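Asker: The following comprises the amino acid sequence and a computationally predicted model.
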There are 2 protein chains.
Amino acid sequence: MNIQSQSRKGRKFDQVIDGARNIFLSEGFEGASVDVIARQAGVSKATLYSYFPDKQALFMAVLNQECDVQRRAQMDIEFLQRDVRDALRHLAYSMLEFLMSDEGVSIFRVCVAEAQRFPELGRAFYETGPSTAMSHVAGYLSTPKVGTALDIDDPRKAADLFMKLCRGDLMLRRLLCVSSQATHEEVSEAADEVVETFMARYRKA
Amino acid sequence: MNIQSQSRKGRKFDQVIDGARNIFLSEGFEGASVDVIARQAGVSKATLYSYFPDKQALFMAVLNQECDVQRRAQMDIEFLQRDVRDALRHLAYSMLEFLMSDEGVSIFRVCVAEAQRFPELGRAFYETGPSTAMSHVAGYLSTPKVGTALDIDDPRKAADLFMKLCRGDLMLRRLLCVSSQATHEEVSEAADEVVETFMARYRKA
DNA sequence: CAAAAACTGAACTGATCGGTTTACACTTCC
DNA sequence: GGAAGTGTAAACCGATCAGTTCAGTTTTTG
């Protein structure tokens, strides 16, 4: 796929990352064995170790890439044009869709689990994920258009509220494997509730 | 301490549980070695295995006990008497104090991390922890006294909102080891914000 | 086509894992 | 004081772990 990585790092680099992601995200760091990763990647263990000095480096490489994915998956631009309520609804919906997806849940789970063991990891995840998402939301909430509809004094605090509203019981149940993937209806309903509460908090006096 | 467990299960039962809790909560299931647990507990490995058939049973025993602690740590009763705003503030503060404590963070971290590997665990934690807490809050929000101050149609949904408001950026940063334990001022300020937003959402029309 | 580079499979190392066994010591209680 | 019950330390087991080595095969490249 990636020409640069193929020429610089060998033909099977992407395979290794993909296999490692699958295993790490479902088994965690300690739970994932290098032999299993190599088998899943369709690659010999020697090849794997020609790319990465050790298991920990491979782990960090996988999660750094996942953080980038997360960052790139952020909001489309055209929603800015819409009516404020519609824009917020769209924002809440797409955020919930990501948070509730298999990938979103897995990344979060692993990062929380290993944050103590790998201090850089927790910080990197927080900054590329929740923190930049919050900044984007705060940026949108600072636009004049939003100012005409809502009375927001502290956009960062307001953005924090918006994110909080997205992380409700639905997500908690997902994280703890109490319920499986939510339906689109549930997500949509949750998004409605997010917007309703948010606008109630910041409506013009 | 516990006479029953001493007589039934041997003198060092509580030591084993305590040591195991320390190690499991900081290292996770896979990361914790039985030898280290035994050393931490000040007990021989043979003794440990005379109490528990295997590592997994010990793990579940520790976390079942922790779930009980969590349940018992729930709200005092006398706050019901107060002014609604004060009561909610007290509720938010004590909930935040627990969520942000070393113990609260550790339990949550481990349960999220191992929920996939131990399906019963995630459910048990959810039900003894967040779910019963939410029920208690919902119960309070259904009282006539609250009804005079707020216009709540769906107490469970309102309780979910209340919990959501408690799990904000502050807790996320704690979970991901971005920042260490919060000051009482930060917690107190966060509790104020919880109440303000909650009452704005459900104030009488 | 030939040399260089990438990859393979399998054997291997030394360490650690969960769990068992053994031979011995300390309490407790009749 | 002598069992019976409880705990200990350390050796031990087979399995698995992360990581290395190597002789040989495949792919790329010029």
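Answerer: Cool, the structure landed. Numbering: from 1, shown residues only, chains lettered A, B, ... in the order given.
Asker: The residue positioned nearest the centre of chain A: what's it in contact with?
Answerer: Taking CA atoms, centre = their mean, the centroid of chain A lies closest to A:Gln70, which sits 4.4 Å from it. A:Gln70 is in contact with A:Phe98, A:Gly104, A:Ile107, A:Thr128, A:Gly129, counting by CB atoms under 8 Å, 6 or more residues apart in numbering or on different chains. (C-beta placed from N, C-alpha, C; glycine too.)
Asker: out of those residues, who's nearest DNA strand C?
Answerer: Comparing the contacts of A:Gln70 against DNA strand C with CB to the nearest atom of the strand places A:Ile107 closest, at 25.8 Å.
Asker: ok so, going back, restricted to buried residues, select the contacts of A:Gln70 in ChimeraX.
Answerer: Applying 16 or more other CB atoms under 10 Å in any protein chain shown to the contacts of A:Gln70 leaves a buried subset, and the ChimeraX line that selects it is:
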select /A:98,104,107,128,129
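Asker: about what we covered before: what's the helix or strand for the residue nearest to the centre of chain A?
Answerer: helix A:55-72 (DSSP states H and E).
Asker: what's the spacing between that helix and its chain's center?
Answerer: Its chain's C-alpha centre lies 12 Å from the corresponding centre of helix A:55-72 when counted by CA atoms, centre = their mean, to the nearest Å.
Asker: Stretch A:20-33 too?
Answerer: For stretch A:20-33, the distance to the chain centre is 18 Å (CA atoms, centre = their mean).
Asker: What are the buried residues along that stretch?
Answerer: A:Ala20, A:Arg21, A:Asn22, A:Ile23, A:Phe24, A:Leu25, A:Glu27, A:Gly28, A:Phe29, A:Glu30, A:Gly31, A:Ala32.
Asker: going on from the helix holding A:Gln70, what's the next piece of helix or strand?
Answerer: helix A:84-100.
Asker: Give me the next element, helix or strand, following that next one.
Answerer: Using DSSP H and E, the helix or strand that follows helix A:84-100 towards the C-terminus is helix A:102-114.
Asker: okay, now the closest residue to DNA strand C within chain A: neighbour count?
Answerer: Of all residues in chain A, A:Gly10 sits closest to DNA strand C, with a separation of 2.9 Å (CB to the nearest atom of the strand). Around A:Gly10 sit 15 other residues, with neighbours defined as other CB atoms under 10 Å in any protein chain shown.
Asker: looking at it, it is touching A:Tyr51, isn't it?
Answerer: Yes - the pair A:Gly10 / A:Tyr51 is scored as a contact, 6.8 Å apart, by CB atoms under 8 Å.
Asker: what residues are shared contacts of these two?
Answerer: With CB under 8 Å, 6+ apart, A:Gly10 and A:Tyr51 have no common neighbours.
Asker: domain assignment for chain A?
Answerer: A:3-67, A:73-202 (automatic domain parsing).
Asker: Need the residues that contact the helix or strand hosting A:Met134.
Answerer: A:Met134 belongs to helix A:132-141 when assigned by DSSP H and E. Outside helix A:132-141, the residues within contact range by CB under 8 Å, 6+ apart are A:71, A:74-75, A:80, A:87, A:91, A:95, A:146, A:150, A:152, A:155-156, A:158-160, A:162-163, B:169.
Asker: In a helix, A:Pro53, correct?
Answerer: No - counting by DSSP: H, G, I helix; E, B strand; the rest coil, A:Pro53 falls outside a helix, being coil.
Asker: and the gap between it and chain B?
Answerer: Using CB to the nearest CB, to the nearest Å, A:Pro53 is found at 21 Å from chain B.
Asker: That residue - how many residues pack around it?
Answerer: Quick note: A:Pro53 (other CB under 10 Å) scores 9 neighbours.
Asker: show me the contacts for the residue nearest to A:Ser142 when sequence neighbours are not counted.
Answerer: With CB to CB, 6 or more residues apart in numbering or on different chains as the criterion, A:Ser142 has its nearest non-adjacent residue at 4.7 Å, and that residue is A:Pro155. In this structure, A:Pro155 makes contact with A:Ala138, A:Gly139, A:Leu141, A:Ser142, judged by CB under 8 Å, 6+ apart.
Asker: Name the nearest of the residues you listed relative to B:Cys111.
Answerer: Closest approach between the contacts of A:Pro155 and B:Cys111, by CB to CB: A:Ala138, at 31.0 Å.
Asker: That closest one and A:Met163: what is the separation?
Answerer: Distance, A:Ala138 to A:Met163, by CB to CB, to the nearest Å: 10 Å.
Asker: Mind checking which of these two has more residues around it?
Answerer: Neighbours per residue (other CB under 10 Å) separate A:Ala138 from A:Met163, with A:Met163 holding more: 23 against 19.
Asker: give me the element that one is part of.
Answerer: Going by DSSP H and E, A:Met163 is part of helix A:155-166.
Asker: And the next helix or strand past that helix?
Answerer: Immediately after helix A:155-166, counting by DSSP H and E, sits helix A:169-175.
Asker: Quick check: mean pLDDT of that next one?
Answerer: The average pLDDT for helix A:169-175 rounds to 94.
Asker: Which positions in it come out as buried?
Answerer: A:Asp169, A:Leu170, A:Met171, A:Leu172, A:Arg173, A:Arg174, A:Leu175.
Asker: Many thanks, I have nothing further to ask.
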